[in-house]
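1. Let me see the structure of the following:
(one chain, ligands or ions: 1)
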Amino acid sequence: MKTRLIFLLPLLWVLTGCSDSESSDTATLKVSETSFKNISANGETITVNIQSNHKWNISSNNSWCTTDITSGENNGKIRIEVNKNSEAYARAATITVETDGQQEKVSVIQNGKQLSVEEIENHHYKIPVVFQVLYKDPNNTTQNMRASRASDLIVACNKYYQNLLESASVDMNLEFVLATRDPEGNILQEAGINRTQINEATMDCEKFMENKDNLKYLWDTDRYINIMLYTFSNENILGISHLPYTIAPDKLDGLNQLDFLPEHSNLTYPHCVSINNKYIYSSASIENRTYNSVDVIPTIAHELGHYLGLFHAFSEPENKETGINTCIDSDYCDDTPTYDRDAYITWMSDYIISKNGITNMSQSEFNKLFERLDCVSETVSIPNNIMDYDISWLNRFTNDQRNRVRHMLARGVLIPGPKETRVSTRATGPQNFPMRMIK
Ligand SMILES: [Zn+2]
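-> Residues are numbered from 1 along each chain as shown. Coordinates of the predicted model:
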């Protein structure tokens, strides 16, 4: 027995010695910079220093952004080659440096190709959209929307924006596309969907829209339109959106003008659209003109209209406090009908009571609910504008609305897609700016 013990002692010493030397030689890893923004669309070479005491490996998640070496040891330098971007949209890649149990990431965001003013005027915008699915119960498909629904909704919504419904609408030369990559440049498992489990079963949508804490759900507003899906505690509200800004000297009637650039990273609230998921599967057949008062598809189209700078088609009181409607053109579009919505609501309520409720109405009595009295021309019109409310066909935009949307696509901020002026060349400034939301 003794002999065996003596034999084991040096081995124990070796083992202990080994582990001692490892703990004093823990792998260290540090990169000199972790984030590169506004890389030129023409391509650039970036240099990053690596500080380490071990071997390391490098990988990229996008083939247009590569490194001169894929492995190294101890301190070193890597060159990141960013290829030319031939698309007019910004893109992102992530370089990952790994060593024994440690990882550092280098984020690279490249600008889209700059287009001329004329090219922008004719550009067919393809705006990436991400549905931020905020659910409590993973098995509840109203909260945790089925993946196929995202594409159904976007396909249907695009029909309004591209005049594909034969509703004498206009073609905005714009389509919404489901995002295919996340903000770091990784391919999304489900196009246009990012799922996050939350603790709340319901949330007040107005409070949600102004709460800085909810920035954690927001993807880069220069590259995505975020559509937040959750259950509103205000259950009769279908959707809500923020209005965009113009940046001086640019202006557009009715919108707040800022003299600085509200960068995504400086936002103090989640600039987005919110949709009440209670109605997420609720849609009428838009081709067959069946009517559904809580149809989610015109709701999304309507909220995206606000996000892109449109106001309600009807006349809203100039002075919110008095509430007196003076029939002003409050949407700054001459070709949308102007009617006093409050007067309509009063008439509608009385009319429905007089007919013992909507369900007891004949078809012709019901059809009268679609009539509006234009308060300028005093003629009756049938409302069909997406930016209308209540009982309306909600299936068309007008030329003036198209002009406003095209203006914001080309010059707005916090809206993805090619711009007349490169966003990065504008001054950034103080971050207290007026947030405006609209339902
Ligand atoms: Zn609205």
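
2. switch to C-alpha atoms for all contacts and neighbour counts from now on
-> Fine.

3. how about the helices of this structure, start to end?
-> 2-23, 117-121, 147-161, 205-210, 296-307, 341-354, 363-367, 399-411 (DSSP state H).

4. which of those is buried the deepest?
-> A comparison of the helices of the chain by mean neighbour count, using mean count of other CA atoms under 10 Å, puts helix 296-307 on top with a mean of 25.

5. need the longest strand for this structure.
-> strand 125-135 (DSSP state E).

6. For that one, which helices and strands make contact with it?
-> When contacts are defined as 3 or more CA pairs under 8 Å, 6 or more residues apart in numbering; DSSP states H and E, strand 125-135 packs onto strand 174-178, strand 193-197, strand 225-230.

7. Tell me who's in contact with Glu184.
-> 92-94, 107 (CA atoms under 8 Å, 6 or more residues apart in numbering).

8. The residues you listed in strands, which ones?
-> 92-94, 107.

9. Relative to Phe314, how far out is Arg402?
-> In this view, Arg402 and Phe314 are 17 Å apart by CA to CA, to the nearest Å.

10. Which residue ranges of the stretch 201-350 of the chain form strands?
-> 225-230, 239-242, 245-247, 256-258, 273-276 (DSSP state E, counting those that start in this stretch).

11. Can you give the contact residues for the fourth one?
-> Strand 256-258 is contacted from outside by 244-248, 250-251, 433-434, using CA under 8 Å, 6+ apart.

12. one more time with 10 Å
-> Outside strand 256-258, the residues within contact range by CA atoms under 10 Å, 6 or more residues apart in numbering are 243-251, 429, 433-436.

13. same question, the second one
-> With CA under 10 Å, 6+ apart as the contact definition, strand 239-242 has outside contacts at 205-206, 209-210, 227-229, 232, 269-277, 279, 296, 299-300, 302-309, 435-439.

14. before we move on, what about the last one?
-> The contact list for strand 273-276 (CA under 10 Å, 6+ apart) reads 131-132, 142-143, 202-203, 205-206, 208-209, 225-243, 296, 299-300, 303-304, 306-307, 437-439.

15. pLDDT value on Trp13, please?
-> According to the prediction, Trp13 has pLDDT 41.

16. quick revisit: the helices and strands packed on strand 125-135: which one's closest to Ile50?
-> Ile50 lies closest to strand 193-197 among the helices and strands packed on strand 125-135, at 32.4 Å (CA to CA).

17. elements contacting that closest one?
-> Packing contacts for strand 193-197, counted by 3 or more CA pairs under 10 Å, 6 or more residues apart in numbering; DSSP states H and E, involve strand 125-135, helix 147-161, strand 225-230.

18. what would the ones you listed look like in CSV with distance to Tyr389 and mean pLDDT?
-> Below are these laid out as CSV (distance: least, CA to CA, whole Å; pLDDT from 0 to 100):
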stretch, distance to Tyr389, mean pLDDT
strand 125-135, 24, 98
helix 147-161, 16, 96
strand 225-230, 20, 98
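
19. between these, which one is nearest to Asn173?
-> Evaluated over these, closeness to Asn173 peaks at strand 125-135, with 6.5 Å, by CA to CA.

20. what pairs with the closest one, and is each one parallel or antiparallel?
-> strand 174-178 (parallel), strand 193-197 (parallel), strand 225-230 (parallel) (DSSP bridges).

21. Point out the most buried one among the ones you listed.
-> By mean count of other CA under 10 Å, those have strand 225-230 as the most buried, with a mean of 26.

22. what angle separates that strand from helix 296-307?
-> 130 degrees (axes from the mean of the first three to the mean of the last three CA atoms, to 10 degrees).

23. Can I get strand 225-230 as CSV, trimmed to CA atoms?
-> Provided in CSV are the C-alpha atoms of strand 225-230 (Å, rounded to 0.1, in the frame of the first residue of the first chain):
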residue,chain,number,x,y,z
ILE,A,225,-41.1,49.6,-38.9
ASN,A,226,-42.0,47.9,-35.6
ILE,A,227,-45.6,46.7,-35.2
MET,A,228,-46.1,45.8,-31.6
LEU,A,229,-48.7,43.1,-31.0
TYR,A,230,-50.2,42.7,-27.5
